[in-house]
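Peer 1: quick one, fold the following:
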Amino acid sequence: MTAHDARLHAFRSDLADARLKGEVTADRFVSGRSARITASVADVRKAPRPDAGVNTQLLFGDDVLVFEDAEGWAWIQAERDSYVGYVAATELGGRDDAPTHIVSVPRTFLYPGPDLRFPIAGQLSMGSTVTVTGAAETRGTHYAVLPSGEAIIAGHLRPVADVAADYVAVAETFLGTPYLWGGASGFGIDCSGLVQLAMRMAGKNVLRDSDMQAASIGEPLDPGVDYAGLRRGDLVFWKGHVAVMTDAETMIHANGHTMLVSREGLKDAIARIGYLYGGPTGFRRP
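Peer 2: Predicted coordinates for the structure are as follows:
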């Protein structure tokens, strides 16, 4: 059998994705059922338990395939990046409406109606997708109205087909966002989550984890003597970590040192990280 990364292929000894039949061994093969994330942020866990570790997160509007629904947990695969894991079954719904817009600011509020003075009904992260069916204006503020009647500040959305010109500029909007292991939203994010979300907003879907990104994004890069060949947008990898160059000398990354998305000089980071994890393992140019 061909080796498959279990993070990106849905298979267990007892159950597997029907598309993998003949490639993996399992007692039973099933076709995935289409569903959509209805929670603001859904933790994707390693096992169907509330105390299981979080590998990544999915956002409101993300489409998934469901292979099993048992005891309040769904075993799913995200359609956007193929990540496999378990989410609470209550965080899933149907795909009733095609998304028309995507949240384009790090965080925004969902109101029960088009009035910012209403108590909020929820909050959404950048990358969340919604269906806009109407528009309203209250005291000069423009709102996008959803099928539920709920409303979002119109200026916090853009059509799903529009993309940002510079993924680094998107990443920079997250400065000060708390670091969260497995986080992939504007409420908390990790190093590879920041790269993935920023690139997604610029029209480039990439894989989730830093080892996957180190093997697949763009092309390998020789940074040159004293790292003089680096430029804005280049990626720097360490074992289990990734950062984005904002210019030839400075990078931005979600990190456990500041527990924030922050800027840091590349050479300072290399010196600081080195004693724990060694030097950079690679450089890539998207």
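Peer 1: going by C-alpha atoms from here, please, whenever you check contacts or count neighbours.
Peer 2: Noted.
Peer 1: would you map the helices across the stretch 51-200 of the chain?
Peer 2: For the stretch 51-200 of the chain, the helices defined by DSSP state H, counting those that start in this stretch occupy 167-172, 191-201.
Peer 1: elements contacting the shortest one?
Peer 2: With contacts defined as 3 or more Cα pairs under 8 Å, 6 or more residues apart in numbering; DSSP states H and E, the packing partners of helix 167-172 are helix 191-201.
Peer 1: how about residues contacting the helix it packs on?
Peer 2: 56, 104, 127, 163-164, 167-168, 170-171, 182-185, 205-210, 213, 241-244, 253-255 (Cα atoms under 8 Å, 6 or more residues apart in numbering).
Peer 1: write the ChimeraX selection for whichever of these are buried.
Peer 2: To isolate the buried members of those in ChimeraX, using 16 or more other Cα atoms under 10 Å:
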select :56,104,127,163,164,167,168,170,171,182,183,184,185,206,207,208,209,210,213,241,242,243,244,253,254,255
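Peer 1: show me where the stretch 151-286 of the chain has strands.
Peer 2: Using DSSP state E, counting those that start in this stretch, the strands of the stretch 151-286 of the chain run over residues 151-153, 157-159, 184-185, 188-189, 219-220, 235-238, 241-245, 250-255, 260-265, 282-285.
Peer 1: what's next to the last one, contact-wise?
Peer 2: Which is strand 282-285. Against strand 282-285 from outside (Cα under 8 Å, 6+ apart): 214, 217-223, 233-238.
Peer 1: same thing but 6 Å
Peer 2: 218-221, 234-237 (Cα atoms under 6 Å, 6 or more residues apart in numbering).
Peer 1: among these, the buried ones, what's the PyMOL command?
Peer 2: The following PyMOL line selects those of the contacts of strand 282-285 that are buried, judged by 16+ other Cα under 10 Å:
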select buried, resi 220+221+234+235+236+237
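Peer 1: could I get the contacts of strand 282-285 as CSV with distance to residue 13 and pLDDT?
Peer 2: Compiled in CSV, those are given as follows (distance: Cα to Cα, whole Å; pLDDT from 0 to 100):
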residue, distance to residue 13, pLDDT
218, 34, 98
219, 36, 98
220, 36, 98
221, 39, 97
234, 40, 98
235, 37, 98
236, 37, 98
237, 34, 98
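Peer 1: other residues contacting stretch 234-251?
Peer 2: So stretch 234-251 is contacted by 191, 230-233, 252-253, 263-266, 280-285 (Cα under 6 Å, 6+ apart).
Peer 1: can we see that at 7 Å?
Peer 2: 168, 191-192, 210-211, 214, 228, 230-233, 252-253, 263-266, 277, 279-286 (Cα atoms under 7 Å, 6 or more residues apart in numbering).
Peer 1: same question, stretch 164-174
Peer 2: Under Cα under 7 Å, 6+ apart, the answer for stretch 164-174 is 106, 194, 198-199, 201-202, 233, 246, 261.
Peer 1: try 10 Å this time
Peer 2: 104-107, 126, 158, 185-189, 194-204, 232-234, 244-247, 251-254, 260-263 (Cα atoms under 10 Å, 6 or more residues apart in numbering).
Peer 1: mind checking the longest strand of the chain?
Peer 2: strand 63-70 (DSSP state E).
Peer 1: could I get the phi/psi values of residue 126?
Peer 2: Main-chain dihedrals, residue 126, degrees, to the nearest 10: phi -50, psi 140.
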